[in-house]
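S.K.: Could you look at this predicted model? Sequence included:
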Amino acid sequence: MTQASDIPTADSGAPSDWETKRAAQDRLHAELQPLNKAALFDALAAAGVTLVVISFDGYGDSGQIENVEVKAGETVVTMPEGAIETAEAVWDRPEPNRTTISIADLIERLVYDLLTDTHCGWENNDGAYGDFTFDLVERTITLAYNERYTASDYSQHVF
């Protein structure tokens, strides 16, 4: 018969190799995100953009950006052309991957990153919908988030 004291425990108190790598990637991601945001805001402001509103919707294990509206003052304009150098954390690498992508692609990447960072699983089950507002004057990104859920209220009475 095996005694409980004979079974080795997996918890040594020290983080696993996976946890250490995950923490390093999360740290690098947190350092890079403000730099990518600043580069994006600089490019949008240089193109005269004052506001970008991105609407998203997800449910049933699928989600997507539904609409992108770009404004210069009160005027709706097209998404500026152009490319921005970005840096992205890569699993098990201490240095970021640097790439040049379009302004539209960087907005999309940032939106999905922020959704994952704040509401991981936003696209699952009943899902969620909302808007990201990129305010170039204030240099802020605001997320208006609406989460759907199914509720059930059961009652039984025996008299």
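M.R.: Perfect, I can see it now.
S.K.: Name every strand pairing with the longest strand seen in the chain and say which way it goes.
M.R.: Counting residues, the longest strand found in the chain (DSSP state E) is strand 62-72. According to DSSP bridges, strand 62-72 has the following sheet partners: strand 51-59 (antiparallel), strand 75-77 (antiparallel).
S.K.: So which bits of the following helix or strand past the shortest one are buried?
M.R.: Just to be clear, that refers to strand 75-77. Heading C-terminal from strand 75-77, the first helix or strand you meet, by DSSP states H and E, is strand 83-88. Using 16 or more other CB atoms under 10 Å as the test for burial, strand 83-88 gives I84, T86, A87, E88. The way it works is simple: take the backbone N, C-alpha and C, and place the C-beta from them, glycine included.
S.K.: Most widely separated two among the residues you listed?
M.R.: Farthest-apart pair in the buried residues of strand 83-88 is I84 and E88; separation 12.2 Å (CB to CB).
S.K.: where does this protein dip in pLDDT?
M.R.: By pLDDT under 70, the weakly predicted segments of the chain are 1-12.
S.K.: biggest helix in it, by residue count?
M.R.: Longest helix in the chain, counting residues (DSSP state H): helix 17-46.
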